[in-house]
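Participant: could you look at this predicted model? Sequence included:
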Amino acid sequence: MNQVQFEEDNNEFHIRSRRLFGEPETPTMVRFLLRTGIVKNEKQALYILVGIVIIALAVTIFLIRGGIRGGSGDDYITGVDGQEYTFEEYIELVNQGNDPLDPRNNNQ
């Protein structure tokens, strides 16, 4: 039982990816960040990569929810006379029998 020894690694953080055969190696993105000098150690590389994932998720959610335009509230329908109508105004006029998109109903 006394033959088992544990060596401390000076509290260093290491990420290792699995390989099918052979020794585990440092992931490619972590190596890239270390090689380019963007980060100084693997722990900083992990923080950068997690930050990139969080930013990508935030941008994706922003784009899915409508982006900068803010949805359907800013859309207008332009009649043949050049006047802009909201969707609700357009439906109201069509229900009254006056379609602003029909050139025959041009009321100028």
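Facilitator: That came through fine. Numbering: from 1, shown residues only.
Participant: would you mark the buried spots in stretch 28-44?
Facilitator: In terms of neighbour count (16 or more other CB atoms under 10 Å), stretch 28-44 has its buried residues at V30, L33, L34, V39, E42. Just so you know, the C-beta spots here come from the backbone N, C-alpha and C atoms, and that holds for glycine as well.
Participant: wait, is the fourth one part of a strand?
Facilitator: No: according to DSSP: H, G, I helix; E, B strand; the rest coil, the state of V39 is coil, so it is not within a strand.
Participant: any idea how far N105 is from it?
Facilitator: Here the criterion is CB to CB, to the nearest Å. By it, V39 lies 66 Å from N105.
Participant: so how far is N98 from P24?
Facilitator: For P24, the distance to N98 - CB to CB - is 73 Å.
Participant: just to revisit the earlier point, nearest to G79, out of the buried residues of stretch 28-44: which one, please.
Facilitator: L33 (56.0 Å; CB to CB).
Participant: just give the closest residue to that closest one, not the sequence neighbours.
Facilitator: Leaving aside its sequence neighbours, L33 sits nearest to A45 (CB to CB, 6 or more residues apart in numbering; 4.3 Å).
Participant: so what touches whichever strand or helix holds that neighbour?
Facilitator: For A45, the enclosing helix or strand under DSSP states H and E is helix 42-64. Applying CB atoms under 8 Å, 6 or more residues apart in numbering, the external contacts of helix 42-64 come out as F13, H14, I15, T26, M29, V30, L33, L34, I38, V39.
Participant: farthest-apart pair in the residues you listed, please.
Facilitator: Checking these against each other with CB to CB, the farthest-apart pair comes out as H14 and I38, at 17.9 Å.
Participant: quick one: contacts for Y90?
Facilitator: By CB under 8 Å, 6+ apart, the neighbours of Y90 are I77, P100.
Participant: let the chain start at 20 from now.
Facilitator: Renumbered: residue one is now 20, and that last one reads Y109.
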